[in-house]
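A.B. asks: Provide a 3D model corresponding to the input given below.
(chains A and B)
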Amino acid sequence: MAELTLVEAINDCFHTELERDENVMVLGQDVGRAGGVFRATAGLLDRFGADRCVDTPLAEAGILGSAVGLCMAGWRPVCEMQYDAFSYPALDQLITHVGRYHWRTGGRMTFPLTIRMPYGGGVRAPELHDDSPETYYVHTPGVKVAIPSTPADAKGLLAAAIRDPDPVVVFEPKLHYRTMRGDVPEGDYVVPLGQARIAREGSDLTLVAYGSMVPLSEQAADALAGEASVEVLDIRTLKPLDEEALLASAAKTGRVVIVQEAPRVAGFGAELAAILAEKAMLDLRGPVVRVTGFDVPYPYWQIEDAYMPSVERVVDAARRLLRF
Amino acid sequence: MAQVAAAEPELRRVIGDGETVADGEVDGLSEADLVALYRDLVLLRTYDERSVVYHRQGRIGTYAIFWNHEAMQAGAAFALGDDDWIFPSYRESAIGLLRGMPAETILSWWRGHPAGWWNPADYNVASISVPIATHVPHAAGLAWGKKLRGEDACAIAFFGDGATSEGAFHEGANFAAVMRAPLVLLCNNNGWAISTPLSAQTRAEALVDKAVGYGMPGTRVDGADVLAVYEATREAVERARGGEGPSFIEAVTYRTAPHATADDPRVYIDLERVEAEKKRECVGRYEGYLRRLGVLSDEAVEEIRGDAADVMRTGIGAAEAESPADIGLVFEHAYVDPPPSLAADLADLRRILGGSSG
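C.D. replies: Sure, this is the predicted structure:
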């Protein structure tokens, strides 16, 4: 066990996975010489060579599109999108091919590629370095989505994504790349897709979150200490979703607040709320409440804190629900 | 950085017209090769003509016609080895026939039946790309990936003139050039993207001029001259195998048929030009060439056409004999390892349908 930052855990995962499987390769902008703008791929070029850690042209659709062809040639490519919102040019490839090609071959050819990107706000960055685009991805059939909230999960979920036979997208909370440290198992370490994690046990109310909203929810749980026993459920994998864990926590506490950084309309929180409405109605003592970003472009950074779900907003929602 | 020569402005041509333009020849092709190439052309022509009939009879769905594009498909494919990969657009839907794919498979694809799925690795023919140009990066990636593995294979991507306006074409071509991927980019310039003429697609004088911008050589050939296409592709393949990276071939023709069975080009196309082009269509031109060379007899033509007709009769018969697809296939191949919700959805659907759909 080593204490690592979240981005160091990702780097550790890469070193482990490229060593373990010679078919794994990394491609993206600035991933080689620079080791990635966040240094997630540092050291790979020197250790594994320019054929397995590839600096590509500035072309997101080209990166993902060529990864489809690389899969056909037997590789397991891991594509880095430099920032959340810079991945949008690749959505065409994602939707028209990545999520469909296995199906299109009648299940005869697999496309075990991984897409990973830093996501989310709070980092005082220029426009379009702050988005939470997970809904676009999770809505795409044939594609799985994971979002870690701790250094250990950042390593374990990325390893699961790389080893998975299907295309997997991993969103990494860039806010916590260097601000969060934690114990990370050394060597081979996989957190299976499809398993939620109870980040904190509680009995009166559940905060459901993923990615950077998990530590925020834990802070809100602290703030509510003395008023209510709050459970924090870290979804970890949006698809496949651990419905059982979601429903079990709802049955246990009877109150659910969903915390999501992305804009509200049709966000993943809406999907979670719909599942609870369909399957947990009689367990609930009040409405499912969402605390989300707003349906506006992510704001300029001097006022971004007003957009981001905050401890105050989560606590306010929890109190309203507790009083319902 | 090596200098890249400006693209050839003239259309390369091998086949004469039997009158004022003399026939040329391509080195290294035996008489048997020449006839085999004719067989490929006739197979594609027969597939296309029968498919239009099958569509009118309601036996296949909407179909993208490729009449008079056979020369660029057969000519290019003839220059490839079996290990080389073909990335077709919908205009090259039947190119798998040249790799031993049963007509049944392709007809099933146009019938919307899962029997139209195939494993690309069985034929080294990628799935048909319906969206324009998005398969160009796939071909670049496959070619690059083969090179990284030390394999000798190269790839060819077919796309139309309209595709050169798409970002995916640009990203794929540029990627291939940067990675020195062994790729042939074959642009089927038939002058039309449904109703949009080339003049509304680009201000480039010729599409082949784009090659210079990617640092790759470009060749412009008569797309209805199967030998010219073959020769240009062979050169590009040799270059690719030699580690020199991708090449661009612009094969120029004129679309004489509707874009697809659902299209009526009379409202936009130059009908006089269509009639003129039909008179110099690619299969007839090559047949004339072979007859002038004295390597094709009436009996051989009869036999080759008969064989192609048999392929289609067998193919449509087999496609129509396929059992209705089980509804389980709606779910089955969406993932290798599917989320549990899919099985629940299927079970629910079967319950509602009373299990009658198998």
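
A.B. asks: next to chain B in this structure, residues from the stretch 151-300 of chain A, please.
C.D. replies: By the rule C-beta under 8 Å from any C-beta of the partner chain, the part of the stretch 151-300 of chain A lying against chain B is A:164, A:165, A:166, A:194, A:239, A:240, A:241, A:243. Placement of C-beta: from N, CA and C, glycine included.

A.B. asks: how much space separates the nearest residue to the second one once chain neighbours are set aside from residue A:100?
C.D. replies: In other words, residue A:165. Leaving aside its chain neighbours, residue A:165 sits nearest to residue B:336 (3.8 Å; criterion: C-beta to C-beta, 6 or more residues apart in numbering or on different chains). For residue B:336, the distance to residue A:100 equals 13 Å [C-beta to C-beta, to the nearest Å].

A.B. asks: looking at the two, which is more packed in?
C.D. replies: Using other C-beta atoms under 10 Å in any protein chain shown as the criterion, residue B:336 and residue A:100 rank with residue A:100 on top: 21 against 15.

A.B. asks: and the more buried one, what pLDDT?
C.D. replies: On the pLDDT scale, residue A:100 is placed at 98.

A.B. asks: just residue B:2 next, same as before
C.D. replies: pLDDT, read off for residue B:2, is 39.

A.B. asks: what's the answer for residue B:356, then?
C.D. replies: Residue B:356 is assigned 51 on the pLDDT scale.

A.B. asks: longest helix anywhere in the chain?
C.D. replies: Since no chain was named, I'll use chain A. The longest helix of chain A (DSSP state H) is helix A:6-20.

A.B. asks: sorry, I should have been clearer: chain B.
C.D. replies: Max-length helix for chain B by DSSP H is helix B:31-56.

A.B. asks: name the helices or strands packed onto that one?
C.D. replies: Helices and strands touching helix B:31-56, by 3 or more C-beta pairs under 8 Å, 6 or more residues apart in numbering or on different chains; DSSP states H and E, are helix B:70-78, helix B:103-110, helix B:226-241, helix B:282-293, helix B:298-321.

A.B. asks: buried stuff in it?
C.D. replies: Using 16 or more other C-beta atoms under 10 Å in any protein chain shown as the burial criterion, the residues of helix B:31-56 that qualify are B:34-35, B:37-48, B:50-52, B:54-55.

A.B. asks: possible to save the residues of the stretch 151-300 of chain A next to chain B as CSV with secondary structure, neighbour count and pLDDT?
C.D. replies: As requested, those are exported to CSV (DSSP: H, G, I helix; E, B strand; the rest coil; neighbours: other C-beta atoms under 10 Å in any protein chain shown; pLDDT from 0 to 100):
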residue, secondary structure, neighbour count, pLDDT
A:164, coil, 22, 98
A:165, coil, 13, 98
A:166, coil, 25, 98
A:194, coil, 19, 98
A:239, strand, 24, 98
A:240, coil, 21, 98
A:241, coil, 23, 98
A:243, helix, 19, 98
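
A.B. asks: now for the residues you listed: which two are most distant?
C.D. replies: Pairwise distances across those (C-beta to C-beta) peak at 21.7 Å, for the pair A:165 and A:243.

A.B. asks: just the strands in the chain please.
C.D. replies: Just so you know, I chose chain A. Under the criterion DSSP state E, strands of chain A are mapped to A:2-5, A:24-28, A:53-55, A:76-80, A:114-119, A:144-146, A:168-173, A:181-184, A:197-200, A:205-209, A:230-234, A:237-239, A:256-263, A:289-293.

A.B. asks: try again with chain B
C.D. replies: Using DSSP E, the strands of chain B run over B:85-87, B:155-160, B:183-189, B:192-193, B:196-197, B:218-222, B:247-252.

A.B. asks: tell me, what residue is most central in chain B?
C.D. replies: Geometric centre of chain B, nearest residue: residue B:92, 2.8 Å, by C-alpha atoms, centre = their mean.

A.B. asks: what's the spacing between the residue nearest to it when sequence neighbours are not counted and chain A?
C.D. replies: Spatial nearest neighbour of residue B:92, chain neighbours left out: residue B:158 (4.7 Å); criterion: C-beta to C-beta, 6+ apart. As judged by C-beta to the nearest C-beta, to the nearest Å, residue B:158 and chain A stand 15 Å apart.

A.B. asks: what sits against residue B:158?
C.D. replies: B:72, B:73, B:76, B:86, B:87, B:88, B:89, B:91, B:92, B:95, B:186, B:188 (C-beta atoms under 8 Å, 6 or more residues apart in numbering or on different chains).

A.B. asks: before we move on, what about residue A:116?
C.D. replies: A:10, A:40, A:78, A:79, A:80, A:81, A:158, A:161, A:169, A:170, A:171, A:172.

A.B. asks: for those residues, which one is nearest chain B?
C.D. replies: residue A:79 (10.7 Å; C-beta to the nearest C-beta).

A.B. asks: quick check: closest non-adjacent residue to the residue most central in space within chain A.
C.D. replies: Centroid check for chain A by C-alpha atoms, centre = their mean gives residue A:147 as the closest residue, at 1.8 Å. Sequence neighbours aside, residue A:211 is the residue nearest to residue A:147 in space, at 4.1 Å (criterion: C-beta to C-beta, 6+ apart).

A.B. asks: which residues are in contact with the one you found?
C.D. replies: Residues near residue A:211 by C-beta under 8 Å, 6+ apart: A:119, A:120, A:132, A:147, A:148, A:149, A:171, A:173, A:261.

A.B. asks: circling back to that earlier point, and the buried ones among the contacts of residue A:116, selectable in PyMOL?
C.D. replies: To isolate in PyMOL the members of the contacts of residue A:116 that are buried, counting by 16+ other C-beta under 10 Å, one can use:
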select buried, chain A and resi 10+40+78+79+80+81+158+161+169+170+171+172
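
A.B. asks: what about chain B, any weak spots by pLDDT?
C.D. replies: Chain B contains residues with pLDDT under 70 at B:1-9, B:355-358.

A.B. asks: rerun at 90
C.D. replies: B:1-10, B:17-19, B:354-358 (pLDDT under 90).

A.B. asks: please parse it into its domains.
C.D. replies: B:3-322, B:325-358 (automatic domain parsing).

A.B. asks: near chain A, which residues of the stretch 201-350 of chain B show up?
C.D. replies: Residues of the stretch 201-350 of chain B lying near chain A (C-beta under 8 Å from any C-beta): B:332, B:333, B:334, B:335, B:336, B:337, B:338, B:339, B:340, B:341.

A.B. asks: I'd like to know which of the residues you listed are buried.
C.D. replies: B:332, B:333, B:334, B:335, B:338, B:339.

A.B. asks: let's have those residues in TSV, adding distance to residue B:195.
C.D. replies: Converted to TSV, those look like this (distance: C-beta to C-beta, whole Å):
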residue	distance to residue B:195
B:332	38
B:333	36
B:334	35
B:335	39
B:338	41
B:339	42
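
A.B. asks: just the ones in helices from those, please.
C.D. replies: residue B:332.

A.B. asks: what's in contact with stretch B:196-207?
C.D. replies: The contact list for stretch B:196-207, computed with C-beta under 8 Å, 6+ apart, reads B:7, B:9, B:161-162, B:164-165, B:187, B:189, B:191-193, B:210, B:220, B:250.

A.B. asks: distance check, residue B:15 against chain A.
C.D. replies: Counting by C-beta to the nearest C-beta, the separation of residue B:15 from chain A is 34 Å.

A.B. asks: point me to the residue of the stretch 201-324 of chain A nearest chain B.
C.D. replies: Taking C-beta to the nearest C-beta, chain B has its nearest neighbour within the stretch 201-324 of chain A at residue A:240, 3.6 Å off.

A.B. asks: give me every residue that touches that residue.
C.D. replies: Residues in contact with residue A:240 (C-beta under 8 Å, 6+ apart) are A:144, A:193, A:194, B:338, B:339, B:340, B:341.
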